[in-house]
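In: Pasting the sequence and the predicted coordinates here, then a few questions.
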Amino acid sequence: MTAGDEPANQASDEPEKVSYNFTSYSADGQTEYGNGTVETTGEKKTFNGVEYTEAEVKTNTEPEWVGRKFYIVSTATADGTTKYPLYDAEGQEAGVLVTITPTA
């Protein structure tokens, strides 16, 4: 921090966290598994030259999934229609597709 700068003018070191509603599906997209909310953690990884964003499951109709973290392509559009595959921290497909929408 330099002299005269107010803390409000400083860039935060905390990554921006964004919440989304999601619906999860089987790997073929035919069977709906559940729905809930996720929050991005700010972590990013690159698999096969493509950037992915980490998201943590905050709520889910399948309680055993709460707290788990997955990666979704960083360019995913929260349109509630497009189904995106989820990946684990090693870049392996999790066998789950999701649609996402912004939270209110």
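Out: Structure's in. What do you need?

In: Pretty sure V18 sits against T40.
Out: Yes. Judged on Cβ atoms under 8 Å, V18 makes contact with T40 at a distance of 4.9 Å. Backbone N, C-alpha and C define where each C-beta goes, glycine included.

In: Neighbour count: those two, which is higher?
Out: The residue with more neighbours, out of V18 and T40, is T40; 18 against 14, by other Cβ atoms under 10 Å.

In: So what's the residue count around N35?
Out: The number of residues packed around N35, counting by other Cβ under 10 Å, is 15.

In: Please apply the same query to the one 10 residues further on.
Out: Residues contacting K45 under the criterion other Cβ under 10 Å number 15.

In: Which strand or helix spans it?
Out: Using DSSP states H and E, K45 sits in strand 32-47.

In: got the buried residues for whichever helix or strand comes after that strand?
Out: Read in the C-terminal direction, the helix or strand following strand 32-47 is strand 50-60, with elements assigned using DSSP H and E. Burial within strand 50-60, assessed by neighbour count using 16 or more other Cβ atoms under 10 Å, is assigned to 52-57, 59-60.
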